[in-house]
Each structure stands twice: as structure tokens, then as C-alpha cells.
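Q: Model the structure of this input:
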Amino acid sequence: MVDISSYYLDRIAVNGGVTIAVHGPTAISIGGSIDVGSIDFTLDPGATLDVFVGGTLTASSSIKVGRIAYPAGSRFYVGGVCKAATSACVVDGDCCSQLCTAGKCSGNGPEPKPWSVNLQSNSDLNGLFYSANGVFWTSSDLEMYGAVFSGDYHSTSNTKIHYDGAATTLADECPKPAPNGDGGGGGGVVTPPGGCNSCRDCGNQACIGGQCGSCTDSLQCCSPLRCVGGSCISPVN
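A: Numbers count the residues shown, from 1 in each chain. From the prediction side, this is the model:
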């Protein structure tokens with residue numbers, strides 16, 4: 001079993017710059033938002049980083065993440081979205097307008113849809129970014145290595161993303177659970193107590209007759225996975 005260094009922060013709010021050096025497998029959970037001028041997540045060779053953000057991610061100057069040789073080693077999961085005017089806030093990055101005054105958001109945001117990630121200047125991104133609940137917004141040129149999975153993507157400048165295929169195989173590092181012994185293991189996926197109702201209950205594998213099992217049709221898989229050889233896998237390899 002790999003030892004992971006885990007840290008929890010209420011938020012990261014710095015007007016200037018901050019550097020977070022990662023020397024091994026590391027997980028950082030942030031209850032609120034990351035709102036910084038610039039931030040640098042630098043990884044040693046062999047190190048990995050998982051950052052879970054309950055609020056939003058905003059960098060007004062620059063953001064640097066990971067290593068170009070191994071983008072899949074840095075993973076960001078941004079779960080929050082910016083807030084509308086009059087909503088309660090703690091830092092400017094909580095608000096779509098980027099204005100938090102006396103604990104409340106004021107003004108309007110840069111576009112109709114709430115954003116989760118707002119990059120306003122130079123970015124050096126080598127990682128996987130997940131922001132399914134909101135927009136991934138950038139207002140400057142972006143060339144990154146890795147992947148973006150977001151509710152929407154908006155850029156007012158040029159974007160070039162070099163996709164890292166390792167994004168689809170990271171789960172292979174996790175130990176597979178033993179089959180449940182009733183023929184419904186689905187390649188080692190255990191049927192939850194009381195049976196399954198959908199592929200979501202089976203680790204994105206097929207749920208057939210209330211039991212997790214091998215798929216026979218792509219309709220049994222959670223989108224966008226496809227049924228290949230009895231297993232639901234990503235269509236991108």
C-alpha cells in the first residue's frame with residue numbers, strides 16, 4: 001500500500017504568490033476556494049498530487065502545475081461554482097464578479113454561466129482538471145498537457161491542449177476487489193448489498209438484473225464508456 005500525505009486547508013487566499021512543493025504521493029483537500037495572484041504546484045520525479053477544491057480556483061497572475069513529462073500525476077477536482085450577486089462569500093474568488101464586499105458578492109460575472117476555474121493570466125498546466133459543475137474559463141493564451149473535463153469551456157484567447165492518454169488508465173493503479181462469488185462480479189466489481197440499480201452502483205460497469213456483471217451492450221455502460229470484451233471501458237485509448 002502506498003503511503004499518502006494528506007492535508008486539509010479551509011482555503012488558499014494569497015494576494016501575491018505561493019509555492020507548494022510535493023515530494024511524494026500527496027492529497028490536499030480544500031474546503032473553500034483557491035484565490036491567489038500566482039501559485040506553483042511543483043512535483044518531484046515520482047510524486048503525485050490530488051487536489052480537491054470545495055469552492056473555485058482563481059489565479060489572477062499565473063498558475064503552474066505539475067511536470068510536462070507526466071501530466072497525469074497532477075489531478076485537480078474543483079467542485080464549486082462562483083456565486084451570484086448578494087450571495088455570502090469569504091474571498092473574491094467565491095463570486096462570479098470577483099468582488100466580495102463585506103461578506104457578500106457584488107456585481108456580475110464575466111459570462112452567463114457560473115464558472116469553477118478562472119485563469120486570468122499566464123498558465124503552465126500539466127495535469128488533469130475536473131470541473132464538471134461549472135465553466136473552465138481562461139482569458140489568456142493556454143497551452144497545456146493533460147486533460148480538461150468541465151461543464152463548459154470558455155476562452156477569450158488561444159487554446160492548445162496536448163491530451164495525455166494516461167488519464168483513462170489511472171484507475172488501473174487501484175487494487176481490484178475480489179468477485180462476490182455469485183457470478184455477478186463484473187470482472188471483480190462487487191455488487192453492493194441489496195443489489196444494483198444502475199451502472200453507477202457497479203463502478204461504471206454493467207448492472208444486469210440487480211447484479212453487477214459483464215456487459216453485453218454499450219447501453220449497459222455508464223456514458224461515455226463502451227462495452228468491449230465484457231468490460232465497460234473508455235472510448236479513448
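
Q: Confirm for me that residue 16 is in contact with residue 37.
A: Yes: with contact taken as C-beta atoms under 8 Å, residue 16 and residue 37 are classed as touching, separated by 5.1 Å. Any C-beta I mention is one placed from the backbone N, CA and C, and that applies to glycine too.

Q: who's more crowded, these two?
A: Counting neighbours by other C-beta atoms under 10 Å for residue 16 and for residue 37 shows that residue 37 has the greater number, 17 against 9.

Q: Which strand or helix spans the more buried one?
A: Per DSSP states H and E, residue 37 falls inside strand 34-43.

Q: other SSEs contacting the next helix or strand after that strand?
A: Later in the chain than strand 34-43, the nearest helix or strand by DSSP H and E is strand 49-53. Applying 3 or more C-beta pairs under 8 Å, 6 or more residues apart in numbering; DSSP states H and E, one finds that strand 49-53 contacts strand 26-30, strand 34-43, strand 74-78.

Q: Go again with 10 Å.
A: The contact analysis (3 or more C-beta pairs under 10 Å, 6 or more residues apart in numbering; DSSP states H and E) places strand 49-53 against strand 5-9, strand 12-22, strand 26-30, strand 34-43, strand 57-65, strand 74-78, strand 122-138.

Q: Could I get those strands in JSON lines, plus columns for mean pLDDT and distance to residue 87?
A: As requested, the helices and strands packed on strand 49-53 are arranged in JSON lines below (pLDDT from 0 to 100; distance: least, C-beta to C-beta, whole Å):
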{"stretch": "strand 5-9", "mean pLDDT": "94", "distance to residue 87": "22"}
{"stretch": "strand 12-22", "mean pLDDT": "92", "distance to residue 87": "17"}
{"stretch": "strand 26-30", "mean pLDDT": "95", "distance to residue 87": "19"}
{"stretch": "strand 34-43", "mean pLDDT": "94", "distance to residue 87": "15"}
{"stretch": "strand 57-65", "mean pLDDT": "93", "distance to residue 87": "16"}
{"stretch": "strand 74-78", "mean pLDDT": "96", "distance to residue 87": "18"}
{"stretch": "strand 122-138", "mean pLDDT": "93", "distance to residue 87": "14"}
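
Q: Take those strands and write them to CSV, including distance to residue 195.
A: CSV is the format used below for those (distance: least, C-beta to C-beta, whole Å):
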stretch, distance to residue 195
strand 5-9, 33
strand 12-22, 41
strand 26-30, 32
strand 34-43, 40
strand 57-65, 39
strand 74-78, 29
strand 122-138, 27
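
Q: Which of these sits closest to residue 98?
A: strand 57-65 (7.2 Å; C-beta to C-beta).

Q: tell me the angle of the closest one relative to strand 26-30?
A: Interaxial angle, strand 57-65 versus strand 26-30 (axes from the mean of the first three to the mean of the last three C-alpha atoms, to 10 degrees): 170 degrees.

Q: Give the buried residues for strand 57-65.
A: Neighbour-count burial for strand 57-65, counted by 16 or more other C-beta atoms under 10 Å, picks out 57, 58, 59, 60, 62, 63, 64, 65.

Q: Mind picking the two most distant members of those?
A: Greatest spatial distance in the buried residues of strand 57-65: 60 and 65, 16.0 Å, computed using C-beta to C-beta.

Q: Which parts of this protein belong to which domain?
A: Split into domains by automatic domain parsing, the chain comes to 5-170, 176-237.

Q: which of these has the lowest average pLDDT?
A: The minimum mean pLDDT among the domains of the chain belongs to domain 176-237 (a mean of 77).

Q: Please state the offset of it from the chain centre?
A: 23 Å (C-alpha atoms, centre = their mean, to the nearest Å).

Q: This completes my enquiry, with thanks.
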